[in-house]
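Novice: sequence below, structure please.
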Amino acid sequence: MSEPVSEPERPIRILMVPMKRYPCQHAMLETVYAQLLPARGYDVTWVMDSRSITRPSRTTWNGTRVFVVPWPDRPGARAFAGRRLGWLRVLGTVRRLLRSEPFDVVQVRNSVSAGWLAALLARKAGGRFVFQFSFPLQEQFIEAIHFENVPSRRLWIAYKRFQIRARRWVLRRADLVLAISEEMRRHLVDEGLPPERIQVVPMGTDCPPDPSPADVEALRRSLGLQGNRVVLYFGSIAPVRRLEFLVRLAARLAPEHPDLRWVLLGPPYLGADESLRAVARELGVSDRVLVLPAVPRGEVPTYIALAEVAVSPIPSSSVFRLSSPTKVVEALSMGCPVVATPIPDQEEVLGACGGGELAPFEEGAFGDAVLRLLGDPEAARSAGHAGRAYVRANRSYDLLADRIEKRYLELLAEP
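Specialist: Residues are numbered from 1 along each chain as shown. As a prediction, the model looks like this:
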């Protein structure tokens with residue numbers, strides 16, 4: 001573990017509003033904010049929601065304090081009303097904590113309404129307001145509406161555009177904005193945010209140890225992949241990701257590469273997993289494309305070790321250009337070469353380390369890049385080793401914790 005940037009005179013108290021379910025499965029939040037910073041003496045308190053409780057409660061997570069509010073996750077009007085009540089409870093808990101306890105930093109992740117509340121209350125409480133901007137959710141909704149059957153479409157679009165304007169108000173009042181990528185930083189500067197109030201903190205990895213060969217072989221047997229070469233996608237399985245691209249690519253390569261199997265691993269949204277299986281059946285590659293549900297984060301390295309190549313085909317939309325995909329750095333940290341589309345953060349990583357290939361979101365060119373790595377195992381191993389060294393030297397969560405800690409201390413030292 002890296003040494004702290006400097007030793008604070010007293011524990012720095014952080015109130016985190018990540019808009020995540022408890023217990024949080026977000027790798028960066030868990031590793032940096034629930035493990036590394038508390039180990040360095042920081043006092044972190046969380047406000048999260050949960051679908052498994054019926055009344056607000058208080059618990060602990062990796063030794064940090066968590067206030068949990070109910071959040072029904074079922075269809076129907078009653079559950080919808082319960083979610084609205086849950087949201088009010090989140091805001092009410094934040095308000096109560098800020099009025100009753102001294103926090104040095106109040107950090108909100110992506111939420112416009114929680115950010116608005118924190119912007120109003122944090123300074124009154126003597127703290128600094130930090131907005132962690134990891135993804136433009138409102139713009140994604142507007143873009144995704146073209147892929148989904150959403151009732152009251154015009155009303156929803158108008159509401160999301162209002163939220164975008166409200167988010168600009170929140171960002172202008174933040175003492176610090178944690179941007180997920182250099183491209184997002186440039187975007188925020190173009191919108192008028194002062195560069196000195198922006199800190200880039202991209203996605204990273206906790207650099208897990210290599211899984212044992214026995215575990216990898218057991219997984220291979222359980223999936224029926226003995227004697228097959230594996231290409232792996234892991235991440236969100238949602239309509240807006242357009243992952244039918246990979247299913248069509250599997251069908252395109254199947255005649256000349258009968259031993260090739262494609263594993264798509266991740267949480268499905270809005271029936272996207274069943275849609276992909278339907279496309280695979282239609283194209284006659286159901287036996288070559290495995291669409292699997294998400295697994296606990298600790299099991300992902302075994303899936304990566306199973307693969308010869310990992311893929312990150314992110315559509316080059318205005319929304320995804322601002323992102324920092326985790327899958328590239330996690331695959332490279334395990335020595336697995338990657339084929340990725342040229343959105344800025346993926347270009348930055350692969351351009352710096354040569355850990356794979358960049359290819360456009362187009363079946364022919366992307367498939368050719370995958371085949372080049374599969375066809376030259378020595379070059380693929382070399383790319384994987386280069387990527388592993390780069391990521392562990394530049395994108396480990398330990399190093400990102402250093403960066404965040406340094407910026408917090410600078411922020412708190414400002415008058």
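
Novice: tell me which helix or strand in this structure has the weakest average pLDDT.
Specialist: Every helix and strand in the chain was compared by mean pLDDT, DSSP states H and E; the lowest is helix 137-144, with a mean of 80.

Novice: just the pLDDT for Ala389.
Specialist: We note a pLDDT of 96 for Ala389 in this prediction.

Novice: okay, now it: neighbour count?
Specialist: By other C-beta atoms under 10 Å, 15 other residues sit near Ala389. Where you see a C-beta, it was placed from the backbone N, CA and C, and this is true even at glycine.

Novice: tell me how far it lies from Glu256.
Specialist: Spatial separation of Ala389 from Glu256 under the definition C-beta to C-beta, to the nearest Å is 33 Å.

Novice: residues contacting the least confident helix or strand of the chain, please?
Specialist: Counting contacts by C-beta atoms under 8 Å, 6 or more residues apart in numbering, the residues outside helix 137-144 that touch it are 110, 112, 156-157, 160-161, 163-164, 167, 238-240, 317-319.

Novice: kindly report the same for stretch 118-129.
Specialist: Defining contact as C-beta under 8 Å, 6+ apart, one finds that stretch 118-129 is touched by 15, 17, 94-95, 98-99, 102-106, 108, 115, 169-170, 173-176, 411-412.

Novice: among those, name the buried ones.
Specialist: 15, 17, 94, 98, 103-106, 108, 115, 170, 173-176, 411 (16 or more other C-beta atoms under 10 Å).

Novice: out of the residues you listed, which are inside strands?
Specialist: Secondary structure of the buried ones among the contacts of stretch 118-129 is defined by DSSP state E; positions in strands are 15, 17, 105-106, 108, 176.

Novice: redo those as CSV? Include pLDDT and distance to Pro23.
Specialist: Shown next, in CSV, are these (pLDDT from 0 to 100; distance: C-beta to C-beta, whole Å):
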residue, pLDDT, distance to Pro23
Leu15, 96, 18
Val17, 94, 16
Val105, 95, 22
Val106, 95, 22
Val108, 95, 19
Leu176, 97, 27
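
Novice: rebuild those as CSV, extending it with distance to Glu183.
Specialist: Converted to CSV, those look like this (distance: C-beta to C-beta, whole Å):
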residue, distance to Glu183
Leu15, 29
Val17, 25
Val105, 25
Val106, 26
Val108, 21
Leu176, 19
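
Novice: what subset of the contacts of helix 137-144 is buried?
Specialist: Buried members of the contacts of helix 137-144, scored by 16+ other C-beta under 10 Å, are 110, 112, 160, 163, 167, 238-240, 317, 319.

Novice: which of those residues fall in helices?
Specialist: 112, 160, 163, 167 (DSSP state H).

Novice: give me the phi and psi for the nearest residue to Gln107 once chain neighbours are set aside.
Specialist: Distance criterion C-beta to C-beta, 6 or more residues apart in numbering; nearest residue to Gln107, sequence neighbours excluded, is Val130 at 4.2 Å. Backbone dihedrals for Val130, given as degrees, to the nearest 10, come out at phi -120, psi 130.

Novice: quick one: Val130 and Leu176 touch, right?
Specialist: Yes: using C-beta atoms under 8 Å, Val130 and Leu176 qualify as a contacting pair, with a distance of 4.7 Å.

Novice: which residues do those two both contact?
Specialist: The contact lists of Val130 and Leu176 share Leu411, where a contact means C-beta under 8 Å, 6+ apart.

Novice: strands along the stretch 301-415 of the chain, start to end?
Specialist: 309-312, 338-340, 356-358 (DSSP state E, counting those that start in this stretch).

Novice: between these, which gets nearest to Asp73?
Specialist: Comparing the strands of the stretch 301-415 of the chain against Asp73 with C-beta to C-beta, the closest turns out to be strand 309-312 (28.1 Å).

Novice: so what secondary structure elements neighbour that closest one?
Specialist: Secondary-structure packing of strand 309-312 (3 or more C-beta pairs under 8 Å, 6 or more residues apart in numbering; DSSP states H and E): strand 229-234, helix 326-333, strand 338-340, helix 363-375.

Novice: paired strands for it, with orientation please.
Specialist: When sheet partners are counted by DSSP bridges, strand 309-312 sits next to strand 229-234 (parallel), strand 338-340 (parallel).

Novice: so what's the residue nearest the centre of the chain closest to, chain neighbours aside?
Specialist: Residue closest to the mean C-alpha point of the chain, counted by C-alpha atoms, centre = their mean, is Thr326 at 5.9 Å. For Thr326, ignoring the flanking residues on the chain, the nearest one in space by C-beta to C-beta, 6+ apart is Met203 at 4.5 Å.

Novice: count the neighbours of the one you found for me.
Specialist: Number of residues near Met203 (other C-beta under 10 Å) recorded here: 23.

Novice: that one touches Ser333, doesn't it?
Specialist: No: applying C-beta under 8 Å, one finds Met203 not in contact with Ser333, separated by 11.4 Å.

Novice: what residues do the two have in common as contacts?
Specialist: With contacts taken as C-beta under 8 Å, 6+ apart, the residues that reach both Met203 and Ser333 are Arg395.

Novice: could you report the neighbour count for Thr54?
Specialist: When neighbours are defined as other C-beta under 10 Å, Thr54 has 9 of them.

Novice: check what pLDDT Asp398 gets.
Specialist: Confidence per residue is given as pLDDT, and for Asp398 that number is 95.

Novice: err, Pro267, not the other one
Specialist: At Pro267, pLDDT is 93.

Novice: likewise for His146?
Specialist: 66.

Novice: what sits against the closest residue to Thr205 other than its chain neighbours?
Specialist: Using C-beta to C-beta, 6+ apart and skipping residues adjacent in sequence, the residue nearest Thr205 is Ser333, 4.3 Å away. The contact partners of Ser333, by C-beta under 8 Å, 6+ apart, come to 205, 207-208, 387-388, 391-392, 395-396.

Novice: quick one: low-confidence parts of the chain?
Specialist: In the predicted model, the chain carries pLDDT under 70 at residues 1-10, 74-80, 82-83, 146-150.

Novice: the domain parsing of it - what is it?
Specialist: Listed domain ranges for the chain are 13-204+396-413, 213-394 (source: automatic domain parsing).

Novice: start and end of stretch 346-361, how far apart?
Specialist: Looking at stretch 346-361, the gap from its leading to its trailing residue is 13 Å under the measure C-alpha to C-alpha, to the nearest Å.

Novice: could you list the buried residues of that stretch?
Specialist: 346, 348-350, 353, 355-359, 361.

Novice: rebuild those as TSV, extending it with distance to Thr64.
Specialist: Output for the buried residues of stretch 346-361, formatted as TSV (distance: C-beta to C-beta, whole Å):
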residue	distance to Thr64
Gln346	32
Glu348	32
Val349	30
Leu350	35
Cys353	33
Gly355	34
Gly356	36
Glu357	40
Leu358	39
Ala359	41
Phe361	40
